[in-house]
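**Student:** A predicted structure for the sequence below; I have some questions about it.
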Amino acid sequence: MKQYFKQLFIFSICILVLMMVHVIPPPAGLDSAGFVMIGIAGVAAILWFTEAIPIALTALLVVFLQSIFGILPLSKAVGNLAHEVNLLIFIGMAFSLCMVDLGLDKKITLEALKLAGSSVEKLFFMMMVLVAFLSMWMSNTATVAIMIPIAAGIVKVTSGKKTNIGKLFTIGIAFAGTIGGMGTPIGTTPNPITIGFLYDLAEVQLSFLDWVIIGLPFVIILIPVAWKLLLYLYPPETRQVETAVIEDMERKDAFQWSFQVKKFLAIFAFIVFLWLLDVFGNQLSLPHNWLYLVSLMGILFLFFPVIGVLDWKKDLNRISFSVLILIGGGISMGSGLVEAGVVEWL
């Protein structure tokens, strides 16, 4: 009952906001459509912040309000839900599913951690590098979920007090996931949104390699900086750790270099290669949306019977379509702010 009244209160505020932008005269330099669009953006912000309704439902509400108030035609507003940017996000989710299902993520992690030896500082640095690398290609959430149990196992076998070392690995993994997501266009959701807005609003076309050239140096610089900073803030109580836990995890790991693994690696390498060709777009006469065409091709390859490694009927419900709708709603809101003259007014 308490939740019901809370939602009712939030909905009342949203209705009040929409009424106010229709009653109050717009500020100087902004017409009524722009003022209404600010009201729609305000309602969306309230609902997204309070989570009074599911975030994807708020995105659909934005599309609906833009249409009934004449900010965007319904066809254009709804079209934003299927914006080509979502292809990048979709293939990122699909890559993540493949790596988790095939155990590639854990295999890469355990092999790399063995190279770090028994030094806590080296293990911590290697783990941050691994999280950052995996986050460049798969969901940050999935990467962190994989790494936390491994980190917990390492912390568990350390001797003495474990307060700092526990904080060190936990916070470091979270930081590394965020930092690594900047490295590629599919690393984290804001990246493809930024690429889409740059083209839609400023006609600036970024290729896959363009983004990597910009984003990867930040990853290379920030990971050592974050590593050193966290070691300074949370100096580990011990310098050495028993490596038996990593060896034990490796023994329990049922990973095999199966035909499915090899198929996925071949598809992954081929798609990345095609993405990188975008830098030669003019010489090869590639279409301006090559990044998205290749992403769509990759999705088809991953799900297509015989050649793929995912099953459409079984795995489709593991793709977060709420995120795709949210992205489409966000793009529609940005488009509406431009069309209504709010961006220019600001």
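**Tutor:** Perfect, thanks for sending it.
**Student:** show the model's pLDDT score for the residue positioned nearest the centre of the chain.
**Tutor:** The residue lying closest to the centre of the chain (CA atoms, centre = their mean) is residue 188, at 2.5 Å. Looking at residue 188, its pLDDT stands at 84.
**Student:** would you agree it is in contact with residue 194?
**Tutor:** No: Residue 188 lies out of contact with residue 194 (CB atoms under 8 Å); the separation is 10.2 Å. (Glycine included, C-beta is placed from N, CA and C.)
**Student:** please give me every residue in contact with residue 93.
**Tutor:** Counting by CB atoms under 8 Å, 6 or more residues apart in numbering, residue 93 makes contact with 139, 319, 320, 323.
**Student:** residues touching the second one, list them.
**Tutor:** Taking CB under 8 Å, 6+ apart as the criterion, residue 319 is in contact with 90, 93, 94, 97.
**Student:** what distance do you get for it to residue 110?
**Tutor:** Remark: distance between residue 319 and residue 110 (CB to CB, to the nearest Å) = 27 Å.
**Student:** ok, the first one next?
**Tutor:** Here the distance between residue 139 and residue 110 works out to 20 Å (CB to CB).
**Student:** in terms of neighbours, single out the busier of those two.
**Tutor:** A direct count of neighbours by other CB atoms under 10 Å for residue 139 and residue 110 places residue 139 higher, at 26 against 18.
**Student:** now for that one: which residues touch it?
**Tutor:** Counting by CB under 8 Å, 6+ apart, residue 139 makes contact with 92, 93, 96.
**Student:** ranges for the helices of the stretch 51-200 of the chain?
**Tutor:** Secondary structure of the stretch 51-200 of the chain (DSSP state H, counting those that start in this stretch): helices located at 55-68, 74-79, 85-102, 104-116, 120-135, 140-156, 163-180, 190-202.
**Student:** and residue 156, how many neighbours does it have?
**Tutor:** Neighbour count for residue 156, taken as other CB under 10 Å: 12.
**Student:** neighbours of residue 193, how many?
**Tutor:** With other CB under 10 Å as criterion, residue 193 counts 20.
**Student:** report the two of the contacts of residue 93 separated the most.
**Tutor:** Among the contacts of residue 93, the pair separated by the greatest distance (CB to CB) is 139 and 319, at 11.1 Å.
**Student:** name the nearest residue to the residue nearest to the centre of the chain, ignoring sequence neighbours.
**Tutor:** Spatially, and ignoring its direct neighbours in sequence, residue 188 is nearest to residue 181 (3.2 Å; CB to CB, 6 or more residues apart in numbering).
**Student:** so what's the backbone phi/psi at the one you found?
**Tutor:** Phi and psi for residue 181, reported as degrees, to the nearest 10, are phi -60, psi -20.
**Student:** thought it was touching residue 138?
**Tutor:** No: taking CB under 8 Å as the definition, residue 181 is not a contact partner of residue 138, at 9.7 Å.
**Student:** enumerate every residue touching residue 46.
**Tutor:** Residue 46 sits in contact with 10, 13, 14, 17, 52, where contact means CB under 8 Å, 6+ apart.
**Student:** buried ones only from the residues you listed, please, as a PyMOL command.
**Tutor:** A single PyMOL command selects the buried members of those (16 or more other CB atoms under 10 Å):
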select buried, resi 10+14+17+52
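**Student:** just the contacts of residue 46: which are in helices?
**Tutor:** 10, 13, 14, 17 (DSSP state H).
**Student:** which residues are in contact with the second one?
**Tutor:** Listed by CB under 8 Å, 6+ apart, the contact set of residue 13 reads residue 46.
**Student:** can you pull the pLDDT of it?
**Tutor:** pLDDT for residue 13: 93.
**Student:** do the same with the first one
**Tutor:** Residue-level confidence at residue 10 comes out at 92, pLDDT.
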